[in-house]
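Participant: Show me how the following folds:
(chains A and B)
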Amino acid sequence: DVKVTQSSRYLVKRTGEKVFLECVQDMDHENMFWYRQDPGLGLRLIYFSYDVKMKEKGDIPEGYSVSREKKERFSLILESASTNQTSMYLCASVGAFLTNSPLHFGNGTRLTVT
Amino acid sequence: GDSVTQMEGPVTLSEEAFLTINCTYTATGYPSLFWYVQYPGEGLQLLLKATKADDKGSNKGFEATYRKETTSFHLEKGSVQVSDSAVYFCALSDYMEYGNKLVFGAGTILRVKS
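Facilitator: You can find the predicted model right below:
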């Protein structure tokens, strides 16, 4: 079974802090994703990566950056956290990203910025 | 652009009741359609999928039929259980010129009472 592990379940950070959210998958998947989940808005794609050191912006990249130095690890970085980034963050991965390929999700990190 | 609309919740049912969660979509191509489920405290997991018109996806007593003529993929279950309480997301995956795009609906909360 594919395992996608997010390092923290809950994080509380202060406004202006630099925040790192880490995600590791164990299935040698090429593609990894960061989503943000907010009530009534569903999941919105922040960034995705289709290979090591490769990244593409999603629908809401502003205020975020990502890093993928190793195939199994995909990090989301909030350069200067703001209260409107309080949310649930979900990491996902998939091997070949075909239209019929389901994503494998981690359990999420609930970030609160005060 | 592509979009997914699903019925607003929360949906509250008694155990053994019949469940329908409506989902309609707009897409430029020929998407695959998915239902994901998110149990409390967990990430999303694939519930079922359908990759072409008239396909029926099924799993754990849930089923959904890909209806191209009505652009719908409604989720149904004949007899819900308390353990089905979760958030359900309808999603589509469509091929774009730069790669695949996955679009999620806003999610529908299901609460089942004993």
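
Participant: Touching, B:Gly9 and B:Gly105? I think so.
Facilitator: No. In terms of C-beta atoms under 8 Å, B:Gly9 does not count as a neighbour of B:Gly105; the distance is 11.1 Å. For the C-beta atoms, the positions are set from N, CA and C on the backbone; glycine is no exception.

Participant: Looking at these two, which is more packed in?
Facilitator: Between B:Gly9 and B:Gly105, counted using other C-beta atoms under 10 Å in any protein chain shown, B:Gly105 has the larger neighbour count: 25 against 16.

Participant: residues in contact with the more buried one?
Facilitator: A:42, B:4-6, B:23, B:89-91 (C-beta atoms under 8 Å, 6 or more residues apart in numbering or on different chains).

Participant: Count residues in the vicinity of the nearest residue to B:Thr70 once chain neighbours are set aside, would you?
Facilitator: Excluding the flanking residues, the one nearest B:Thr70 by C-beta to C-beta, 6 or more residues apart in numbering or on different chains is B:Thr24, at 7.4 Å. Counted with other C-beta under 10 Å, the neighbours of B:Thr24 add up to 17.

Participant: which bits of chain B sit near chain A?
Facilitator: B:4, B:31-32, B:34, B:36, B:41-46, B:49, B:51, B:89, B:93-95, B:98-100, B:102, B:104-107 (C-beta under 8 Å from any C-beta of the partner chain).

Participant: what ranges do the strands span in chain B?
Facilitator: Counting by DSSP state E, chain B has strands at residues B:3-6, B:11-14, B:19-21, B:23-26, B:32-38, B:44-50, B:56-59, B:62-65, B:75-77, B:86-96, B:99-104, B:108-113.

Participant: With mean pLDDT added, can I get those strands in JSON lines?
Facilitator: JSON lines is the format used below for the strands of chain B (pLDDT from 0 to 100):
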{"stretch": "strand B:3-6", "mean pLDDT": "94"}
{"stretch": "strand B:11-14", "mean pLDDT": "97"}
{"stretch": "strand B:19-21", "mean pLDDT": "97"}
{"stretch": "strand B:23-26", "mean pLDDT": "96"}
{"stretch": "strand B:32-38", "mean pLDDT": "96"}
{"stretch": "strand B:44-50", "mean pLDDT": "95"}
{"stretch": "strand B:56-59", "mean pLDDT": "97"}
{"stretch": "strand B:62-65", "mean pLDDT": "98"}
{"stretch": "strand B:75-77", "mean pLDDT": "98"}
{"stretch": "strand B:86-96", "mean pLDDT": "90"}
{"stretch": "strand B:99-104", "mean pLDDT": "81"}
{"stretch": "strand B:108-113", "mean pLDDT": "97"}
